[in-house]
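1. okay, predicted coordinates and the sequence, questions at the end:
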Amino acid sequence: MELRRQILALGLEAERDAEQAERVMLFRLLLANGMELRTRMDRQLSGSGLTTQQAMLLQVLQGQSEAPTLKQLAATLAMSHQNLKQIASVLERKGFLEIVPDEKDGRVRRLHLTKQHHRFWKRRNTDDHAEVGQWTASLSLAEVRVLVRSLDKLHHALMQSRHPA
């Protein structure tokens, strides 16, 4: 067994429940792949002064139907209000978003994307998407589709268990 797989399988050889061992391996592989992909995207974005975490925050913010509050976006991203505020403040200084008082309640702050944000991603998306395509080229389109559906299902279940209806 190759070293990478040995490291990921540490402690699982004694696991009596084969299904449980596979689920733990899935968890470890998701973390390992996530860390590698984040590192690669950080490198890809390094010249722009953004990090993968900042880019993800902007992506999630862009997908909101209305400008969310700091508290709402922190909950969506599963991060503390304080951590989100720090990241958002950096993005505000860089010109990607504005943190503005709510029109009805001035104590509440809402996050708004700027024109600079939209221009920036319009210029970058083609190359960034092509790079992601190269990183995932070892998977067939059918495998990508199955993986996307499976990970989406997992994400939905995790979000549901965090916030039961």
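-> That came in fine, so what should we check first? Only a predicted model underlies this, so the values are computations on that prediction, with no experimental measurement involved.
2. so Leu29 makes contact with Leu8?
-> Yes: judged on Cβ atoms under 8 Å, Leu29 makes contact with Leu8 at a distance of 6.5 Å. All C-beta atoms are positioned from the backbone trio N, CA, C, and that covers glycine.
3. distance of Leu111 from Gln86?
-> 13 Å (Cβ to Cβ, to the nearest Å).
4. how about Met159?
-> In this structure, Met159 lies at 23 Å from Gln86, with Cβ to Cβ as the measure.
5. so Asp42 makes contact with Thr51?
-> Yes: applying Cβ under 8 Å as the test, Asp42 and Thr51 come out as touching, 5.7 Å apart.
6. hmm, back to that, between Leu111 and Gln86, which one's more packed in?
-> Neighbour comparison, Leu111 and Gln86: the larger count goes to Leu111, with 22 against 12 (by other Cβ atoms under 10 Å).
7. off-centre distance for the helix or strand hosting that one?
-> Under the criterion of DSSP states H and E, Leu111 resides in strand 109-113. In terms of Cα atoms, centre = their mean, to the nearest Å, the centre of strand 109-113 is set 19 Å apart from its chain centre.
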